[in-house]
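Chemist: this one's structure only:
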C-alpha cells in the first residue's frame, strides 16, 4: 500500500516536471519568429531609415544592363545609375534633405501605398526572372541596413508582383525628389541591346 502511494507521488512529481519543461520551452512546438512591426512611414522622418525605388531594365547582357535607384532619407536624396546585375554604381548624384521635407515625402508615399502588400505564393513573390522584356520596380524601406519592407511590381501587365497598388504614382513621387531627374537619366537606356556609354 505504501508502495502504491510512493508510485502515485512519483508520477505526480514527474508530470509536474514535464509540465514545467513544456511551459518554459514554449510547448515543444516549432516557434515562429515574431515579425518586426513596421511603423507608419511618417514616423521614420527623424531616423536613419531610408526609402528607395529601383527601376531595373530588361533582362539583357551584363555589359548593357542598367538600373536606376532613387534613395531618400532625412539628410539626403540620391540618384544612382547601376550597371550590370551585381549592383555596380557607375554614376551618383546627391542632394541635401531635411526632416520636415522627408516627413512630407513619407506621408505622400504612405498615402500612395508604399507599404501596401499583396499576398502571393512564395514562388510568385520572388522577382527573379519576372517581366524579362519590361521593367521591374523594387520598393524598399531600409533602417540601418535592415530591410523592413521590400515590395515589387512590373511594367508587364500579367506580372503583378507583391505591391498591392499601381506603382506609377510612387515612381513619380520618387522621381520628383531628384532635381532635373529627366536630364540626369536621359542617357540611361533600360532596354538596350547594344553597347552604350552609360
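Modeler: In hand now; what should we look at? Only a predicted model underlies this, so the values are computations on that prediction, with no experimental measurement involved.
Chemist: how's the protein carved up into domains?
Modeler: Annotated domains of the chain cover 1-31, 41-184 [automatic domain parsing].
Chemist: ranking these by mean pLDDT, which is last?
Modeler: Of all those, mean pLDDT reaches its minimum on domain 1-31 (a mean of 59).
Chemist: How about the contacts made by the residue most central in space within the chain?
Modeler: The centroid of the chain falls nearest to residue 150 when counting by CA atoms, centre = their mean (1.6 Å). Residues near residue 150 by CB atoms under 8 Å, 6 or more residues apart in numbering: 138-141. For glycine as for every other residue, the C-beta is placed from the backbone atoms N, C-alpha and C.
Chemist: Adjacent strands (with direction) for whatever helix or strand it lives in?
Modeler: Taking DSSP states H and E as the definition, residue 150 sits inside strand 146-154. With DSSP bridges as the test, strand 146-154 is paired with strand 136-143 (antiparallel).
Chemist: Excluding residues flanking it in the chain, which one is nearest residue 90?
Modeler: Excluding the flanking residues, the one nearest residue 90 by CB to CB, 6 or more residues apart in numbering is residue 83, at 4.7 Å.
Chemist: What's opposite the one you found in the beta bridge?
Modeler: Applying DSSP bridges to residue 83 gives these bridge partners: residue 66, residue 88.
Chemist: rewinding a little: now the buried members of the contacts of residue 150.
Modeler: Buried by 16 or more other CB atoms under 10 Å: 138-141, out of the contacts of residue 150.
Chemist: Pipe the residues you listed into a markdown table and attach distance to residue 51 per row.
Modeler: As requested, these are exported to a markdown table (distance: CB to CB, whole Å):
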| residue | distance to residue 51 |
| --- | --- |
| 138 | 11 |
| 139 | 8 |
| 140 | 7 |
| 141 | 5 |
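Chemist: and the two most separated of those residues?
Modeler: Spanning the widest gap among the buried ones among the contacts of residue 150 are 138 and 141, at 11.4 Å by CB to CB.
Chemist: The protein: strands as residue ranges?
Modeler: 50-56, 66-72, 76-83, 88-96, 136-143, 146-154 (DSSP state E).
Chemist: tally of neighbours for the residue nearest to residue 90?
Modeler: Counted with other CB atoms under 10 Å, residues neighbouring residue 83 total 19.
Chemist: what's the distance between residue 177 and residue 109?
Modeler: As judged by CB to CB, to the nearest Å, residue 177 and residue 109 stand 10 Å apart.
Chemist: From residue 81, how far off is the residue nearest to the centre of the chain?
Modeler: Distance from residue 150 to residue 81, counting by CB to CB: 21 Å.
Chemist: so residue 54 sits right up against residue 137, yeah?
Modeler: Yes. Residue 54 is in contact with residue 137 according to CB atoms under 8 Å; the separation is 7.3 Å.
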